[in-house]
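**Q** need a structure here:
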Amino acid sequence: MFSWIFIMALSCIELNPQVWVKGMKRGRRFFIVQLGRYVIGLLLSFIIIYFLLIDISITGLMNTFGFIVAINLMISGLFHPANRTDSKEEQLKNKKKTKRVPLQSGIGFLFLIVLLFLNLVYPFTVTKDLAEMGEIETSTEPIESVTEEAVRSVPHTYARYKSEIVFGNIDNYSFYELGESSIQKIDDELFWVTPIEYASVWRWWRADSVPGYIKVSAENPNAEAQLVDDYEMKYVPSAFLNENLERHVRQKYEDVILMGASFEPNDDGKPYYAYSYAYYNHYRAGPDADGVILVDAETGEMEKYDLGEQPEFVDNAIDYRMALDYANWFGKYSNGLLNSIFAKEGVHEPTSDEEMIGVLGPDNDMYWMIDHMRPNQDSNTMVGFTMVNAQTGEATYYTGSSGLLNAGGAREVVNKSFQREQWSGTQPVLYSVYDSYTWVVPVVDQNGLMREIAMVHADTGTIAHGSTREEAFSSYRQTLANELDTDDYTPTDILEEETVEGTVYRVSNINDQVIQVLISGESRVLEFDVTNIADVVFLREGDEIEADVVDTEENVLNVIDYTNVTIEDEFGGVEQFDIENETENNSESDEPVENESE
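**A** Residues are numbered from 1 along each chain as shown. Reported below is the predicted structural model:
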């Protein structure tokens, strides 16, 4: 790194060989001027290379020091010190020439134009290539359904709130602050992980290391936040000088294009940083993901991996900004630049230009996901969504979801459902649940505290919710089995109807609306929705029942309808009771009362 600082400082000295030939005749004065210019170059070079940490590649150097060279040539040509070494006769002879722009300045100006073209215009000439960079495949097939355990239910805001509480327990907490929170899979469980960072350069100077990190369950909102303080982290993004994470990586890997770091504890809790790196195929446009550099946050030891070959605990080998660019270019430029401006045939764009949502896929890999909508439209429906495997880079754009609610539409459904409480939905995440596209939306109050978990059916906008993930899934199962079926909605093949029968040997009330029952000969739990099957409250242990259920391939069977064989055998069905006479007598007895009142 430091050798390049001395080399690139030469970009500020006189670059015209003819001037050097004439300058050496002048002697000491010329060399003093060049020495002063070299010192200025050292200062600029030190700032660019040591502080801005550019990549020491051909395009990286050209894109920074190229502008310095261009300006140097332009200024040196206009105020040429060599003119003063000529005699008065030579100056009078060349008077007309000195009034024109010198060739050296013209070369500098042309070089500046080329650099501006490469940065501002050239990227628009390769838009077709940009659209193909992520190698995004298009699919009309639905994504695989996930299990309840794979669904994250704790939003970012609530995780930060719980992290702040634990953060106050750190010794000398005024030295530190919370870093950026990210979703991580640790030992097959989802967590929000937040590294602790230095608060300022003075705190870094006083402290020997960062005390660790905080993790919050992304699955259970009732779980306590955990402070992991068994590790002394020295190489972090907020450190300074050679302990700064990016500078530490840059000193060993000078020429790589560093895209972004992700905090990645392994399954044992040991802290690492994974630095995503890339290369450019089109000057400085369109970074192509190439691999990840793994850094031990304690010792600073580093190892470089090709994309897809990194350790399994590294969840985010591709920076989300790269994944978002791929999705944006694919949607905008697949049919060319002019089409994206005028006809806009087939053009779509991500619903956010700032973030992608990290989700756990059915293959247990982490994905970056974002939904797409039509351009320049404030719509609540999507035309598809992109999922980028954050560990391998494989990307797919799913078009089978066209016309379904997008993230904004799902949030609006939730906000209206909790309008009285003044609660709102945050960070909707799209999953396939029971083979139905479903938005899982955490519901928070005005203070950001989590209150409910809502599940919005992306096709119909029907909402189910519960105070826990288990309650929300139970309510959603009932919704799919009952409400949507009455609206001619046909559940997919994972929702199969069957009939079970047996003797009741346990009855358990989950809440006022749901009753769960165990029967002989059936290892799964029968779940009754009291609002749809009111007479289930009379069910007792020992009753023989026959139940029509919906099998969702889980341990809970949702009951659509049932028959209590024991009650029917002893008393007959309700429809067998003769209540007509009683109704007629009541109606007749009402008439005199009405007449008397008149």
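**Q** On the pLDDT front, check residue 359 for me.
**A** The pLDDT attached to residue 359 in the predicted structure is 89.
**Q** Could you list the paired strands of the helix or strand where it lies along with their orientation?
**A** Assigned by DSSP states H and E, residue 359 falls within strand 357-360. Sheet pairing of strand 357-360 (DSSP bridges) gives strand 366-373 (antiparallel).
**Q** average model confidence for the strand it pairs with?
**A** Computed over strand 366-373, the mean pLDDT rounds to 92.
**Q** Now tell me what touches it from outside.
**A** Identification of contacts with strand 366-373 by CB atoms under 8 Å, 6 or more residues apart in numbering yields 183-185, 315-316, 318, 320, 323-324, 327, 331, 348-352, 356-361, 379, 381-391, 397, 401, 406-407, 429-430. C-beta: built from backbone N, CA, C; applies to glycine.
**Q** Got a PyMOL select line for the buried ones in the residues you listed?
**A** Command for PyMOL that selects the buried part of those, burial taken from 16 or more other CB atoms under 10 Å:
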select buried, resi 183+184+185+315+316+318+320+323+324+327+331+348+349+350+351+356+357+358+359+360+361+381+382+383+384+385+386+387+388+389+390+391+397+401+406+407+429+430
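**Q** Could you tell me which of the contacts of strand 366-373 are located in helices?
**A** Counting by DSSP state H, the part of those found in helices is 320, 323, 324, 327, 331, 407.
**Q** contacting residues around the nearest residue to residue 52 once chain neighbours are set aside?
**A** Counting by CB to CB, 6 or more residues apart in numbering, residue 64 is the residue found nearest to residue 52 once chain neighbours are left out, at 7.7 Å. Counting by CB under 8 Å, 6+ apart, residue 64 makes contact with 48, 52, 54.
**Q** Could you report the neighbour count for the second one?
**A** Under the neighbour criterion other CB atoms under 10 Å, residue 52 is assigned a count of 9.
**Q** what do you get for residue 496?
**A** By other CB under 10 Å, 12 other residues sit near residue 496.
**Q** Likewise for residue 228?
**A** Neighbour count for residue 228, taken as other CB under 10 Å: 17.
**Q** where does the residue nearest to residue 52 fall, helix, sheet strand or coil?
**A** Following DSSP: H, G, I helix; E, B strand; the rest coil, we place residue 64 in the helix state.
**Q** Return the member of the ones in helices among the contacts of strand 366-373 nearest to residue 16.
**A** residue 324 (45.6 Å; CB to CB).
**Q** What pLDDT does the model give the closest residue to the closest one other than its chain neighbours?
**A** Once flanking residues are discounted, residue 324 sits nearest to residue 356: 5.2 Å by CB to CB, 6+ apart. We have a pLDDT of 90 for residue 356.
**Q** quick thing: my sequence starts at 864, can you match it?
**A** In the new count, where the first residue is 864, that last one comes out as residue 1219.
**Q** so how far is the helix or strand hosting residue 1154 from its chain's centroid?
**A** For residue 1154, the host element (DSSP H and E) is strand 1148-1159. Put simply, strand 1148-1159 sits 17 Å off its chain's centre (CA atoms, centre = their mean, to the nearest Å).
**Q** strands paired with the helix or strand just after it, and their directions?
**A** On the C-terminal side of strand 1148-1159, the nearest following helix or strand under DSSP H and E is strand 1165-1169. Under the criterion DSSP bridges, strand 1165-1169 sits next to strand 1148-1159 (antiparallel) in its sheet.
**Q** picking that back up, could you tell me which residues within the strand holding residue 1154 count as buried?
**A** Under the neighbour-count criterion of 16+ other CB under 10 Å, strand 1148-1159 has 1148, 1149, 1150, 1151, 1152, 1153, 1154, 1155, 1156, 1157, 1158, 1159 buried.
**Q** and which of those is nearest to residue 1332?
**A** In terms of CB to CB, no member of these lies closer to residue 1332 than residue 1155, at 31.3 Å.
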